[in-house]
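**Q** From the sequence below, what's the structure:
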Amino acid sequence: QVQLVESGGGLVQAGGSLRLSCAASGRTRSSYNVGWFRQTPAKERDFVAAIAWSGGSTSYSDSVKGRFTISRDNAKNTVYLQMNSLKPDDTAVYYCAATPAYSGSYAYSWASSYNYWGQGTQVTVSS
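**A** Alright, predicted model coming up:
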């Protein structure tokens, strides 16, 4: 089992930046592929970005490509999501998710690919 804790959310004006962190604890000796998703009350949980265990592969949704950057520091068991040029449409609860990399190092974009989820952190972008 691995536990995930997100942090770094908050209130920011449009055009601003935030950096989210996803810290893993527990069974962190295993290698994990990690993704970020977001959800609003009116929508399903949407894919934002993902990074393979090795860090060599990343993927992004079209809506954040060029504005968000996912990265990881395996020595710190932490994955980051740097969010720049934020828009009101980015307002959501952001979740990180992880899945063991038994099958390989991949940047999965499907929520069903992930076994472990954090509790989420609220990001609010004002216009």
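**Q** so how far is the helix or strand containing V123 from its chain's centroid?
**A** Taking DSSP states H and E as the definition, one finds V123 inside strand 121-126. Distance of strand 121-126 from the chain centroid (C-alpha atoms, centre = their mean, to the nearest Å) equals 14 Å.
**Q** Ok, stretch 56-67 next?
**A** Centroid separation between stretch 56-67 and its chain, computed with C-alpha atoms, centre = their mean, is 11 Å.
**Q** Show me which parts of it are buried, residue by residue.
**A** For stretch 56-67, the neighbour count (16 or more other C-beta atoms under 10 Å) marks 59-61, 64 as buried. No exception for glycine: its C-beta is placed from N, CA and C like everyone else's.
**Q** Spell out for me which residue occupies the centre of the protein.
**A** W36 (2.3 Å; C-alpha atoms, centre = their mean).
**Q** Tell me if that one really is in a strand.
**A** Yes - under DSSP: H, G, I helix; E, B strand; the rest coil, W36 falls within a strand.
**Q** sorry, back to before: what about the buried residues of stretch 56-67, which are in helices?
**A** Per DSSP state H, helices hold no members of the buried residues of stretch 56-67.
**Q** For those, give me a markdown table that also has distance to R45 and pLDDT.
**A** Converted to a markdown table, the buried residues of stretch 56-67 look like this (distance: C-beta to C-beta, whole Å; pLDDT from 0 to 100):
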| residue | distance to R45 | pLDDT |
| --- | --- | --- |
| S59 | 16 | 97 |
| Y60 | 16 | 98 |
| S61 | 12 | 97 |
| V64 | 15 | 98 |
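**Q** Among those, name the ones in strands.
**A** 59-60 (DSSP state E).
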